[in-house]
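[1] next come a sequence and a model predicted from it.
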Amino acid sequence: MNPADLARAEIRALKPYASARALADSAGVLLNANENPWPPVNDAGLSLNRYPDPQPPALKRRLAEVYGIDESQLLITRGSDEGIDLLVRVFCRAGLDRVLICPPCFGMYGLSAKIQNAEVVAVPLLETDEDWQLDLSAIEQAPPCRLYFLCSPNNPTGNLIDAATVLALADQVAGHGLVMIDEAYIEFCDRPSLADRVAAQPNLVVLRTLSKAYALAGCRIGAVIADPSVIDLLGRIIAPYPLPTPSVAAALGALEPAALDRQRDQLARLAELKTTLLAQLHEHPAIRKVWPGRANFVLVRVDDAARLVADASSAGIRLRDQSAQPGLAGCVRLTIGSDNEMQSLTEFLRNWPS
């Protein structure tokens, strides 16, 4: 089945807006976009007075190379958030279609569905002695959903989902749904991406981002990897100029070979810092449980999560209280920071609670 057949009929029939850059390239005398002909002060050679390409060819080519996919399978978005929003708007009819999520998980899946007035079916993860797991039986028993959102490594629990499990679910729901696997943190573990499985599994969608491992959270560069028919539909409703020129330039710089070598060194150092923190957390008398996870953060459970977050804040350290998430009462997420930042956290925890 063509996954595009599952999209809203009005989106399939929609003729997308044609921007000036979509109709013509940026070469020659540019009198087609009502731009200011002079660049601003401190332009740094970026031609910021000109609208950027909607999908910059050089960045699209480089991302496809890094992800090991064909360019036709890729849409560059303003972070993963925009990709999630586009998928919900394209495939969910307001008041009719459902989205499945597995909390505790990233909040944008459910929020985007609610904005679209799509029903949210929540199948909570199962807490085990060592980790968290999908409740596969409950997912199978859930009503048919248009979109199935999974995250691996999951935020905020850090657990991985086996590739075989994701692909089996995609097979199971192929007649009525798409499976989204959010790989925002995939670079922090040794698990390969499922991006190269999209060609053989047309209803599988992979979300990637440069915000985490590539250190470009401020640039808002994400990617949707999907069947070309899905990419075409998402492209029909994306903003005409979604990618700011400085962000595109920064992304290209971050994907150069030398920058990727530096990234690998940083990932290795973060892993070392995480190991040191975990040793302290396991010995800490006030930490009731530790989930190491496979990403650049650790989840812990304490008797009073609000107090831990407030006391850390008073010491100038910002932690994330996850207690409002299903199953995470008393839980706090700690991101792995720089050497100096982790030293500050270590000193704080050594004296907490005072």
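    Good, I have the coordinates. Numbering: from 1, shown residues only.

[2] quick check, pLDDT for S26.
    For S26, the pLDDT comes out at 82.

[3] S323 reaches G330, doesn't it?
    Yes: between S323 and G330 there is a contact under C-beta atoms under 8 Å: 6.1 Å. All C-beta spots, glycine's among them, are computed from the backbone N, C-alpha and C.

[4] contacts only, for the residue nearest to L125 when sequence neighbours are not counted.
    In this structure, L125 finds its nearest non-sequential neighbour in W132, 4.3 Å apart by C-beta to C-beta, 6 or more residues apart in numbering. Contacts here follow C-beta atoms under 8 Å, 6 or more residues apart in numbering; on that basis W132 touches 104, 125-126, 154, 157, 159, 291.

[5] intersection of neighbour lists for S323 and G330?
    A305.

[6] closest to A24 out of the contacts of W132?
    The shortest approach to A24 among the contacts of W132 belongs to N154, at 43.6 Å (C-beta to C-beta).

[7] wait, P353 sits on R307?
    Yes: using C-beta under 8 Å, P353 makes contact with R307 at a distance of 7.0 Å.

[8] residues touching R320, list them.
    Here R320 is in contact with 156, 309, 332-335 (C-beta under 8 Å, 6+ apart).

[9] how about a cut-off of 10 Å?
    R320 makes contact with 156, 297, 299, 305, 309, 331-335, according to C-beta atoms under 10 Å, 6 or more residues apart in numbering.

[10] tell me what it is bridged to.
    Under the criterion DSSP bridges, R320 forms beta bridges with R333.

[11] about what we covered before: neighbour count winner among P353 and R307?
    Each of P353 and R307 has its neighbours counted (other C-beta atoms under 10 Å); R307 has more, 15 against 12.

[12] element containing that one, please.
    helix 305-314 (DSSP states H and E).

[13] with just CA atoms, put that helix into CSV.
    Extracted in CSV, the C-alpha atoms of helix 305-314 (Å, rounded to 0.1, in the frame of the first residue of the first chain):
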residue,chain,number,x,y,z
ALA,A,305,11.9,15.5,42.9
ALA,A,306,10.7,19.0,43.4
ARG,A,307,13.2,19.6,46.2
LEU,A,308,16.1,18.2,44.2
VAL,A,309,15.3,20.5,41.2
ALA,A,310,14.8,23.5,43.5
ASP,A,311,18.0,22.9,45.5
ALA,A,312,20.0,22.4,42.3
SER,A,313,18.5,25.6,40.9
SER,A,314,19.6,27.5,44.0
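
[14] when you give positions from now on, start the count at 508
    Yep, numbering from 508; the last one is helix 812-821 now.

[15] quickly list what T716 is bridged to.
    Beta-bridge pairing for T716 (DSSP bridges): G729.

[16] just the terminal-to-terminal distance for stretch 684-694.
    Distance across stretch 684-694, first residue to last, is 27 Å (C-alpha to C-alpha, to the nearest Å).

[17] tell me the buried residues in the lengthiest helix in the chain?
    Using DSSP state H, we find that the single longest helix of the chain is helix 764-790. Under the neighbour-count criterion of 16 or more other C-beta atoms under 10 Å, helix 764-790 has 770, 777, 780-781, 784, 788 buried.

[18] could you do stretch 825-839 as well?
    Neighbour count says stretch 825-839 has 826, 828-829, 832, 835, 837-839 buried, by 16+ other C-beta under 10 Å.

[19] gap between it and the chain center?
    Offset of stretch 825-839 from its chain centre (C-alpha atoms, centre = their mean, to the nearest Å): 20 Å.
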